[in-house]
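Colleague: Next one to model:
(one chain, ligands or ions: 1)
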Amino acid sequence: MKILFIGAGSMAHALLRGAIDAQVFKKEEVYVTNRSNQQRLTELIEHYGVNGISCRLPSDEEFEVIILAMKPKDFHEAAPVIKSFLSPGTLIISVLAGISIDHVSETLTFKGAIARAMPNTSAALGKSATAVTYNEFLSEQHKEWTLKFFRSVGLSVEVAEEQMDLITAVSGSGPAYIYYVAELLERAAVDLGMQKELAKALIIQTISGASKMLEDSGLEAGILRRNVTSPGGTTEAGINVLEESGVSDAFSKCIDSAKARSEEMGRELTFNHLK
Ligand SMILES: NC(=O)c1ccc[n+]([C@@H]2O[C@H](COP(=O)([O-])OP(=O)(O)OC[C@H]3O[C@@H](n4cnc5c(N)ncnc54)[C@H](OP(=O)(O)O)[C@@H]3O)[C@@H](O)[C@H]2O)c1
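Modeller: Predicted structure coming up:
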């Protein structure tokens, strides 16, 4: 099997590490290319023991799997290079946020198997929540391979492509919402007199423990919350303020706004290069 990563940045790093560790492929089977940053490419090649390949045209190399791991804005510029590495049986896996499968297919004039995925930054730790969608040309083996590939960096679930903007808003941007909660908790604790390092340690462990409880107990978040909220107690006093301050409504608006922005960016990425 020959696998090509086009793009050698953070996401390529995370996916390479996960997939090599999980033995989804052997490092000898992997080729990596980027645009111009030779130092970054060399680091990746040496670190993972994979092969480098030039993206200068023309190329007579063909690959069974091509992973599109450049920034979405660089996709059109990279299209001639991507096309040169394609064969009719290639499986394209795109992690380009906001770019539809149809748009990848049209830009590359490629009528074959294309999978589209939305991982998140926790892929770097093997803890991504990744949504994957496909076109009709993927075989069962292609689908299994793709899910296994993304499982090597965390949870990997199959979704309909129409859900991608919502998923981008929920789990794509999701780590930042949790960091925001951590930041606000820490600021509030420090403002009330807690030492910063102590606040940080307690909050990290609290988020980590709550996350593990959500995962292991199988209980709904609302039930877990009610279980630890005694009537008239301290947690209730705090939660009441969040409710009265409109936090629930703010989260609805947050997801709605992030989804709308994802849709808008998708349209910009798809149509701007035509102008
Ligand atoms: N990072 C995340 O957590 C995350 C989460 C979800 C989705 N994604 C998606 O993952 C993709 C990559 O993100 P990233 O954070 O890894 O980006 P990044 O660190 O900026 O890396 C981008 C890579 O693409 C290469 N590249 C750019 N133009 C190219 C071209 N024309 N031909 C070949 N290679 C080219 C760059 O090469 P040079 O360095 O030489 O310019 C660089 O190696 C994005 O589409 C993003 O939407 C990322």
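Colleague: Let me know how buried the closest residue to the ligand within the stretch 101-250 of the chain is, in neighbour terms.
Modeller: Closest contact between the stretch 101-250 of the chain and the ligand, by CB to the nearest ligand atom, is at Thr121 (3.7 Å). Placement of C-beta: from N, CA and C, glycine included. The tally of other residues near Thr121 (other CB atoms under 10 Å) stands at 17.
Colleague: just Phe271 next, same as before
Modeller: Counted with other CB under 10 Å, residues neighbouring Phe271 total 10.
Colleague: Tell me the predicted confidence for it.
Modeller: Note on Phe271: pLDDT of 80.
Colleague: okay, and for the stretch 151-275 of the chain, where does confidence drop off?
Modeller: Applying pLDDT under 70 to the stretch 151-275 of the chain picks out residues 273-275.
Colleague: Could you show which parts of it are in contact with the ligand?
Modeller: When proximity is defined by CB under 6 Å from any ligand atom, the stretch 151-275 of the chain lies next to the ligand at Gly172.
Colleague: Is it correct that Lys73 falls within a helix?
Modeller: Yes: assessed with DSSP: H, G, I helix; E, B strand; the rest coil, Lys73 lies in a helix.
Colleague: quick one on the thing from earlier: hmm, Pro175 and the residue of the stretch 101-250 of the chain closest to the ligand touching each other?
Modeller: Yes: if you go by CB atoms under 8 Å, Thr121 and Pro175 touch, sitting 5.4 Å apart.
Colleague: Mutual contacts of those two, please.
Modeller: Residues touching both Thr121 and Pro175 (CB atoms under 8 Å, 6 or more residues apart in numbering): there are none.
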